[in-house]
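Trainee: Build the 3D model from these lines:
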Amino acid sequence: MTVIVVSGTGTEIGKTVTTAAVAAVARAAGRSVAVLKPAQTGVAPGEPGDAQEVVRLAGDGIATRELARYPEPLAPDVAARRSGRAQVHPQEVADAAAKLATEYDLVLVEGAGGLLVRLDDEGGTLADAARLLGAPVLVVVSAGLGSLNTTQLTAEALRARGVRQLGPVIGSWPAAPDLASRCNLADLPKDAGTPLLGAIPEGAGALDGADFRAAAASWLGPELGGTWDGLTFTEREAPAPRAH
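Mentor: Numbering: from 1, shown residues only. Take a look at the predicted model:
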């Protein structure tokens, strides 16, 4: 895969850390990597954004590009209107990613918020950009209560648009998972329609870059270049069946 679109079932669930893990594993395998952030919101000019956080965690040598930056932490279409700046359109995202794909082995396109957050006043979304690119979408999901519904809704939205889901990754697996999180390990693949592709431990984004890179492969499945074993992880973390 040359281009992977990284989206999620919501905001603040680990998309940037997951993007960094995928980038780190690819770099360790000798692949050149570029990260494209179509719309960075909630960050002032000169401040590091999500793409720069990926570089901090995954290491130097990763190319980054932002198409637009808006200061308020809002959906991109609203943030653009309020700032008086130009909106980003799905075709622009697709064109930028396609160009980067001619120069780098792997291009990671990290969205803002969930899959159907609007980029522009025409209702364009990251899903539309993925469709234009013909690129698969890696869906970052939460671990706990409510995740099954949002995971299934995201999977259905992708299927309705003819976009392939690469699979779900749990963006922040708790150090002390509750019952819902543990039970969800068996149900998330059913709702996504694909196996789990990884689980990033809670707090991974706070690690030093060297420690992050050393551990990244153990958080991602072979489909993403890692060594994480979903079956073993689920058997270890899922609760035992209740006795009748």
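Trainee: In stretch 186-201, which residues are buried?
Mentor: Neighbour-count burial for stretch 186-201 flags Leu188, Pro189, Asp191, Ala192, Thr194, Leu196, Leu197, Gly198, Ala199, Ile200, Pro201 (criterion: 16 or more other C-beta atoms under 10 Å). For the C-beta atoms, the positions are set from N, CA and C on the backbone; glycine is no exception.
Trainee: wait, I meant stretch 85-102
Mentor: For stretch 85-102, the neighbour count (16+ other C-beta under 10 Å) marks Gln87, Val88, His89, Pro90, Glu92, Val93, Ala94, Ala96, Ala97, Ala98, Leu100, Ala101 as buried.
Trainee: can you redo those residues as CSV with distance to Glu235, secondary structure and pLDDT?
Mentor: Listed next are the buried residues of stretch 85-102 as CSV, based on distance: C-beta to C-beta, whole Å; DSSP: H, G, I helix; E, B strand; the rest coil; pLDDT from 0 to 100:
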residue, distance to Glu235, secondary structure, pLDDT
Gln87, 47, coil, 98
Val88, 43, coil, 98
His89, 45, coil, 98
Pro90, 41, helix, 98
Glu92, 45, helix, 98
Val93, 39, helix, 98
Ala94, 40, helix, 98
Ala96, 42, helix, 98
Ala97, 37, helix, 98
Ala98, 41, helix, 98
Leu100, 39, helix, 98
Ala101, 38, helix, 97
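Trainee: what's the host helix or strand of Thr232 in contact with?
Mentor: For Thr232, the host element (DSSP states H and E) is helix 230-237. Residues from elsewhere that reach helix 230-237 (C-beta atoms under 8 Å, 6 or more residues apart in numbering): Pro177, Arg182, Leu185, Ala186, Pro195, Leu196, Leu197, Gly198, Ala199, Gly221.
Trainee: what's the closest of these to Thr151?
Mentor: Distance ranking of these against Thr151, using C-beta to C-beta, places Leu196 first at 10.3 Å.
Trainee: so that closest one sits right up against Gln165, yeah?
Mentor: No - taking contacts as C-beta atoms under 8 Å, Leu196 lies outside contact range of Gln165: 12.0 Å.
Trainee: ok so, going back, now the buried residues of stretch 85-102 as a markdown table including distance to Ala143?
Mentor: Listed next are these as a markdown table, based on distance: C-beta to C-beta, whole Å:
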| residue | distance to Ala143 |
| --- | --- |
| Gln87 | 33 |
| Val88 | 30 |
| His89 | 33 |
| Pro90 | 30 |
| Glu92 | 33 |
| Val93 | 29 |
| Ala94 | 31 |
| Ala96 | 32 |
| Ala97 | 29 |
| Ala98 | 34 |
| Leu100 | 31 |
| Ala101 | 32 |
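Trainee: Cheers, nothing more for now.
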